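Asks: need the 3D shape of this:
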Amino acid sequence: MDGDVSVTALRSIREIGERVWNDLAEGEGFYSGYPWLAWAETDPSFVTTYLVARDASGAIVAAVATYLWNGASVPSMNLAYSPGHIAEENLQRSLSAEEHAAFLPALLVGSRAGYHGAVAISKDLPADRRDAVLTALFVEVEALAARLGAACVALLYTPVAHVAAYSKAWHRAVGPAGRGPVAAMLSAEAVLPAPGGDRTVEAADRREWRRERRRYDDAVDRVETVRLAECVDVIAPLLGATQRKYGGPDSDADMRRYFASQVPALDAYSLVLLEFAGDEAVGFSLNYLWPDGVYVRAAGFGQRAAAYSYFNLTMYRPRDLAAERGLPGVHLGAGTYGAKRARGAEPRWTAGLVRPPADVSDELTRAFAIDGSDYRQAVRIWGGPAPTIPSQQEGDDALSEVRPAGLAGK
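Replies: Okay, the predicted model is just below:
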């Protein structure tokens, strides 16, 4: 409770409603939208709770999704949400089973998949009301963590523009004697503007792009566009093989369950580009359409895939889809930044806020103040200036802005 702001807990986003949620989350993209979160809450590996802030009239002015995770098996791409794995990567050493277990259960705030987490909050609130609402929400985040027995709390992959407000509200929520979050840069979302939407990208649409498209068009038998529900059994082994090629443990059955779970909530938003060699499906990209663009979610390829399949199915053809539908761009997500930048993508930086367990070592606590390896890779690809966030030692006032910095000291 903060003044006339009350916060209650709900079990499903359906209790909030699609229109109300999407109005609050406007501008945060598909992975903060109603359909994605409606899917995310269906996984029994997580205990989902929505914290909903209302004003004195009872109107919902903000809400945030939370997910309690006890370490149950998840697809390998979702291990990016494991605080233990983040600490392991940042410290560049393996954590023991006991060290991993110290972070569990973990309460994930804002998101558990999609690499974009945020609080859905009314754009009509003035700054002081917004601060009060955020503070009230984080008071309840900490209260929920205590009730559920969460060892740590993590808000991950949040746009860097949100970090100062979230961090200050969280620190206010726990008070001067409490344990607030540790903040650090974490990753980047690569976004490719649609044709005509950015003159720089148009200039970059150079001869190499046309050559890659031409060679693919000459080699491929055909590409069909279908809904996810029509091709789950076909694309699951393609993604499974691709995941294992790059070291993931995911089986074809794991990937089939993953895709099948998305059909009820997400099929209406899906467009799958399905590449064929004869009658055999040999490559795909799963895309979701949202008002701010095409979201490329997953891709997989077999040995018979045509030359330049990856670039065409995940970048060029989704870019065409965006242009055909009047959408501003293609959201390519994290990773493989060199290939994405070479084809015109730009970064949207994200950060993490983690409140570590009280009883872990100082080394493990400090791990969450280290810029993430994915962020460091993105900085190497795009160069400076890249955003940073103030160190925890600089105090609460320093968190009032996120200042740009060059590459020195990175």
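Asks: look up the closest residue to the residue sitting furthest away from the middle of the chain, ignoring the ones flanking it.
Replies: For the chain, the largest distance from the centre (C-alpha atoms, centre = their mean) belongs to residue 278, which lies 35.8 Å off. Spatial nearest neighbour of residue 278, excluding adjacent residues (C-beta to C-beta, 6 or more residues apart in numbering): residue 221 at 6.2 Å. For glycine as for every other residue, the C-beta is placed from the backbone atoms N, C-alpha and C.
Asks: could you give the backbone dihedrals for the one you found?
Replies: Note on residue 221: backbone dihedrals following degrees, to the nearest 10 are phi -70, psi -50.
Asks: so residue 72 touches residue 79, yeah?
Replies: No. Taking contacts as C-beta atoms under 8 Å, residue 72 lies outside contact range of residue 79: 11.7 Å.
Asks: show me the shaky parts of the stretch 51-200 of the chain.
Replies: The model of the stretch 51-200 of the chain has pLDDT under 70 over residues 196-200.
Asks: how about the contacts made by residue 232?
Replies: 256, 259-260, 263 (C-beta atoms under 8 Å, 6 or more residues apart in numbering).
Asks: again, only this time at 6 Å
Replies: Residue 232 makes contact with 259-260, according to C-beta atoms under 6 Å, 6 or more residues apart in numbering.
Asks: list the buried residues of the helix or strand hosting residue 147.
Replies: In this structure, residue 147 sits in helix 127-148 according to DSSP states H and E. Within helix 127-148, the residues that count as buried by 16 or more other C-beta atoms under 10 Å are 129-142, 144-145.
Asks: contacting residues around it?
Replies: Residues from elsewhere that reach helix 127-148 (C-beta under 6 Å, 6+ apart): 2, 5, 7, 51, 53, 61-62, 64, 68, 107, 109, 153, 169-170, 172-173.
Asks: got the contact list for stretch 93-100?
Replies: For stretch 93-100, contacts defined as C-beta under 6 Å, 6+ apart pick out 84, 88.
Asks: could you rerun that using 8 Å?
Replies: 71, 82, 84-85, 87-88, 360, 364.
Asks: for the stretch 1-150 of the chain, which segments are assigned as strands?
Replies: Taking DSSP state E, counting those that start in this stretch as the criterion, the stretch 1-150 of the chain carries its strands at 6-10, 46-54, 60-69, 106-109, 120-121.
Asks: between those strands, which one is nearest to residue 248?
Replies: strand 60-69 (18.6 Å; C-beta to C-beta).
Asks: quick one: the strands in the stretch 201-350 of the chain?
Replies: Taking DSSP E, counting those that start in this stretch as the criterion, the stretch 201-350 of the chain contains strands spanning 222-226, 270-277, 280-290, 293-301, 329-333, 346-355.
Asks: and the fifth one, how far out from the chain middle?
Replies: Right, strand 329-333. Chain-centre distance of strand 329-333: 12 Å, with C-alpha atoms, centre = their mean, to the nearest Å.
Asks: still on that earlier bit, extract the CA atoms of the helix holding residue 147 and return them as CSV.
Replies: The C-alpha atoms that make up helix 127-148 are tabulated as CSV, following Å, rounded to 0.1, in the frame of the first residue of the first chain:
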residue,chain,number,x,y,z
ALA,A,127,6.0,11.4,-12.7
ASP,A,128,5.4,11.5,-8.9
ARG,A,129,2.3,9.2,-9.2
ARG,A,130,4.3,6.8,-11.4
ASP,A,131,7.0,6.6,-8.8
ALA,A,132,4.5,5.9,-6.0
VAL,A,133,2.8,3.2,-8.1
LEU,A,134,6.2,1.5,-8.9
THR,A,135,7.2,1.7,-5.2
ALA,A,136,3.9,0.1,-4.2
LEU,A,137,4.4,-2.7,-6.7
PHE,A,138,8.0,-3.4,-5.5
VAL,A,139,6.8,-3.5,-1.9
GLU,A,140,4.4,-6.3,-2.9
VAL,A,141,7.1,-8.0,-5.1
GLU,A,142,9.2,-8.3,-2.0
ALA,A,143,6.3,-9.4,0.1
LEU,A,144,5.3,-12.0,-2.4
ALA,A,145,8.9,-13.3,-2.5
ALA,A,146,8.8,-13.7,1.3
ARG,A,147,5.5,-15.5,1.2
LEU,A,148,6.7,-17.9,-1.5
